[in-house]
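# have a look at this prediction, sequence included:
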Amino acid sequence: MPIRLAVLLSGSGTTLQNIIDRIGCGEVDATVAGVISSRAGVFGLERARKCDIPTLEVVRKKFATREGFNTALWEAIRGFSPDLVVLAGFMSLIDVPSDFQNRIINVHPALIPAFCGHGMYGHHVHEAVINYGAKVSGATVHFVDNEYDHGPIILQGTVPVLDGDTADTLAERVQALERELYPQAIQLFAEGRLQVAGRRVLVH
């Protein structure tokens, strides 16, 4: 029985498209039950509609408080009855209710715990890696808790930082790695092979 995914996004939906494609070719035993955006009218919603996936907008700017936003967001998420919530370029901090602990995942474009936390997203991350002089970067798939880029790590992979790299060229290699790691992590969850033991995620 495929697991049900609720995918949360805020932009163009390239990560969503990758997940849809991997499901389509049989690499991921899941179905996207619904897609929720924190911004209105983004292309990620159009990608979902083209695949007949239900969509909702829970627009962050319409809420005066984070608490109000999260209340509405979780009402929308629960409406899709997901087994796993997948953050796919979702730019708002999400509050994790107890029944969804270790049932929300995200991918970060660096090697957590380096170059992560509030404000570290997109090109900001790659610029920071290059400016620091790091020789490797990578991607991290992790469970989500109530802090930015902080939950237990599921999978990590590395890419070299090359002489002459720009944020764009480094981003290309990191994004290619993300496209491999994220579906792998979802499939491991679908197979029931992930066990969280404190800060560690054991893969069985």
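In hand now; what should we look at?

# I'd like the next helix or strand past the top helix by length along the chain.
Using DSSP state H to assign secondary structure, the helix with the most residues in the chain is helix 167-190. Remark: after helix 167-190, the chain's next helix or strand is strand 194-197, criterion DSSP states H and E.

# contacts for that next one?
Strand 194-197 has contacts (Cβ atoms under 8 Å, 6 or more residues apart in numbering) with 102, 143, 152, 154, 188, 201, 202, 203, 204. All C-beta spots, glycine's among them, are computed from the backbone N, C-alpha and C.

# state the distance from residue 102 to residue 194.
The spacing between residue 102 and residue 194, counted by Cβ to Cβ, to the nearest Å, is 8 Å.

# buried residues in the longest helix of the chain, which are they?
Neighbour counts using 16 or more other Cβ atoms under 10 Å place 167, 170-171, 173-175, 177-179, 181-190 of helix 167-190 among the buried residues.

# can you check stretch 152-164 too?
Within stretch 152-164, the residues that qualify as buried are 152, 153, 154, 155, 156, 159, 161, counting by 16+ other Cβ under 10 Å.

# same check on stretch 27-40?
Buried residues in stretch 27-40, defined by neighbour count with 16+ other Cβ under 10 Å: 28, 30, 32, 33, 34, 35, 36, 37, 38, 39.

# and the residues you listed as a markdown table, adding pLDDT?
Putting those into a markdown table (pLDDT from 0 to 100) gives the following:
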| residue | pLDDT |
| --- | --- |
| 28 | 98 |
| 30 | 98 |
| 32 | 98 |
| 33 | 98 |
| 34 | 98 |
| 35 | 98 |
| 36 | 98 |
| 37 | 98 |
| 38 | 97 |
| 39 | 97 |
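
# which one among those gets closest to residue 114?
The shortest approach to residue 114 among these belongs to residue 38, at 26.3 Å (Cβ to Cβ).

# touching, that closest one and residue 58? I think so.
Yes - if you go by Cβ atoms under 8 Å, residue 38 and residue 58 touch, sitting 6.2 Å apart.

# which neighbours do these two have in common?
Both residue 38 and residue 58 are in contact with 69, 73, where contact means Cβ under 8 Å, 6+ apart.

# before we move on, back to that, make TSV from the buried residues of stretch 152-164 and add pLDDT to it.
Rendered in TSV, the data for the buried residues of stretch 152-164 read as follows (pLDDT from 0 to 100):
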residue	pLDDT
152	98
153	98
154	98
155	98
156	98
159	98
161	98
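
# can you pull out the strands in the chain?
In order along the chain, the chain carries the following strands (DSSP state E): 3-9, 30-37, 55-57, 84-87, 104-108, 136-143, 153-160, 194-197, 200-203.

# the ones you listed: which one's closest to residue 118?
Going by Cβ to Cβ, the one of the strands of the chain nearest residue 118 is strand 104-108, 12.4 Å.
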